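[1] no FASTA, just this:
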């Protein structure tokens, strides 16, 4: 069964450093998303991406964040200058028909900022 | 704006007894509603979804949920709990982006 994959599973970085979180969505999906879950808090929407551009983004998704689909398979989330409060689990998801359709989630990347 | 409220942060039931996880939602439009489950150190897995078809939705692992527009509720039920059901459950509403509830941790007592 096709699944969303994410790498790395755990990323540790120093405050101020740049990180790139990688995702491989399901191959025939057209919509891609990033979510984050700070420890003990609920899952929060960050951004959605369709047709090679951002379709929606939340207030969390400020100028330090960017997303890219550099090739036909990968979908990346870049955090330019990490802060302590960026420590969280980051989930990638994809869907075929848009946000109102079922989204398939990856296992997540745990980001720890020291 | 859309929102979702999970009424219980923690539910404990004995194995073999019914499960009820409560969810109320608020949406400006006719929403899509989902229940996702998250097992420890795992990703989010879809249990079931409502997208304006039948109001009683059946999902995986014996779970089902009933959409009640008059009550703006979408409670998750299962007739008989199994030890493997122990996990965190999220009620989710979608007008455009997914909005997650705060989650309900389900504990199964042997």
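    Thanks, I have it. A quick note: this is a predicted structure, and the numbers were derived from the prediction, not measured.
[2] so what's the residue minimising distance to the centre of chain A bridging to?
    Nearest residue to the geometric centre of chain A (Cα atoms, centre = their mean): residue A:34, 3.2 Å. Bridge pairing for residue A:34 (DSSP bridges) gives the partners residue A:47, residue A:92.
[3] wait, doesn't it sit right on residue A:66?
    No. Shown here, residue A:34 and residue A:66 do not form a contact pair, counting by Cβ atoms under 8 Å, at 10.6 Å. Yep, even glycine has a C-beta here, placed from its N, CA and C like the rest.
[4] Overlap in contacts, those two.
    residue A:77 (Cβ atoms under 8 Å, 6 or more residues apart in numbering or on different chains).
[5] burial of residue 91, as a residue count?
    Defaulting to chain A. 26 (other Cβ atoms under 10 Å in any protein chain shown).
[6] nope, chain B
    If we define neighbours as other Cβ under 10 Å, then residue B:91 has 28 of them.
[7] which SSE is it in?
    strand B:87-94 (DSSP states H and E).
[8] quick one: contacts of that strand?
    Applying Cβ under 8 Å, 6+ apart, the contact partners of strand B:87-94 are A:42-43, A:99-100, B:2-4, B:6, B:21, B:23, B:25-27, B:31-40, B:44, B:47, B:74, B:76, B:98-101, B:103-106.
[9] try stretch B:63-71
    Contacts of stretch B:63-71 (Cβ under 8 Å, 6+ apart): B:19, B:24, B:33, B:35, B:47-48, B:50, B:55-59, B:73-78.
[10] What count of nearby residues applies to residue 99?
    Reading this off chain A. 20.
[11] oops, chain B please
    Here the count is done by other Cβ under 10 Å, and residue B:99 has 23 residues near it.
[12] From the contacts of strand B:87-94, keep the buried residues only.
    Neighbour counting with 16 or more other Cβ atoms under 10 Å in any protein chain shown marks A:42-43, A:99-100, B:2, B:4, B:6, B:21, B:23, B:25, B:27, B:31-38, B:44, B:47, B:74, B:76, B:98-101, B:103-104, B:106 as buried within these.
[13] returning to what we had before: what pairs with the strand holding residue B:91, parallel or antiparallel?
    Here, using DSSP bridges, strand B:87-94 pairs with strand B:32-38 (antiparallel), strand B:98-100 (antiparallel), strand B:104-109 (antiparallel).
[14] chain center to it, what's the gap?
    5 Å (Cα atoms, centre = their mean, to the nearest Å).
[15] got it, and stretch A:25-37?
    Stretch A:25-37 has its C-alpha centroid displaced from the chain centroid by 8 Å (Cα atoms, centre = their mean).
[16] same check, this time on stretch B:91-99
    13 Å.
[17] Report the separation between the two terminal residues of it.
    Its first and final residues considered, stretch B:91-99 spans 9 Å by Cα to Cα, to the nearest Å.
[18] before we move on, what about stretch A:36-45?
    End-to-end distance for stretch A:36-45, by Cα to Cα: 7 Å.
[19] how many neighbours does residue 89 have?
    All of this refers to chain A. Residues lying near residue A:89 (other Cβ under 10 Å) number 19.
[20] You answered for a different chain; I wanted chain B.
    Applying other Cβ under 10 Å, we find 23 residues neighbouring residue B:89.
[21] Test of understanding: give the bridge partners of it.
    Counting by DSSP bridges, the residues bridging with residue B:89 are residue B:37, residue B:104.
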